[in-house]
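[1] could you work out the structure for the sequence below:
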Amino acid sequence: MKKLWISILVGLLVLPMMFQSSVKAATAPISIFIDGVRLSTDQAPVMVNGRTMVPLRAIFEAFNATIKWNQKTQTVTATKDDTTIMLKIGSKTATINNKAVTLDVP
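    Below you'll find the model as predicted:
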């Protein structure tokens, strides 16, 4: 009986700690690192429906990609070496080297 009581007591002490660390992790700000260096961005990354949304312009610039914005079509094109990525505002489809890629969220 004493062992059962000790097990219950330990469980009651550990359980709140497990939830506390989960809450802290969920409220921690999201950071972007490239090659071990924290990337500073104008807009902070955010969670939307379980997906992390990041400011891609800052990431493209960090990789020295050429960025073009088409206001009329609301499309951004980023090119680096032999890779071209096209993203359209509000679209769940990206284009990478002329191949359509489905995104989870626009």
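[2] show me where this protein has its strands.
    For the chain, the strands defined by DSSP state E occupy 32-34, 37-39, 46-48, 51-53, 66-70, 75-80, 83-88, 93-96, 99-102.
[3] could those strands go into a markdown table alongside mean neighbour count and mean pLDDT?
    All C-beta atoms are positioned from the backbone trio N, CA, C, and that covers glycine. Formatted as a markdown table, these follow (neighbours: other C-beta atoms under 10 Å; pLDDT from 0 to 100):
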| stretch | mean neighbour count | mean pLDDT |
| --- | --- | --- |
| strand 32-34 | 12 | 91 |
| strand 37-39 | 11 | 92 |
| strand 46-48 | 11 | 85 |
| strand 51-53 | 12 | 87 |
| strand 66-70 | 11 | 96 |
| strand 75-80 | 16 | 95 |
| strand 83-88 | 17 | 95 |
| strand 93-96 | 14 | 95 |
| strand 99-102 | 9 | 95 |
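[4] of all these, which one is nearest residue 60?
    Across these, residue 60 has its closest neighbour in strand 75-80 (4.3 Å, C-beta to C-beta).
[5] bridged to the nearest residue to residue 62 once chain neighbours are set aside, which residues?
    Spatial nearest neighbour of residue 62, excluding adjacent residues (C-beta to C-beta, 6 or more residues apart in numbering): residue 34 at 5.2 Å. Beta bridges link residue 34 to residue 37, judged by DSSP bridges.
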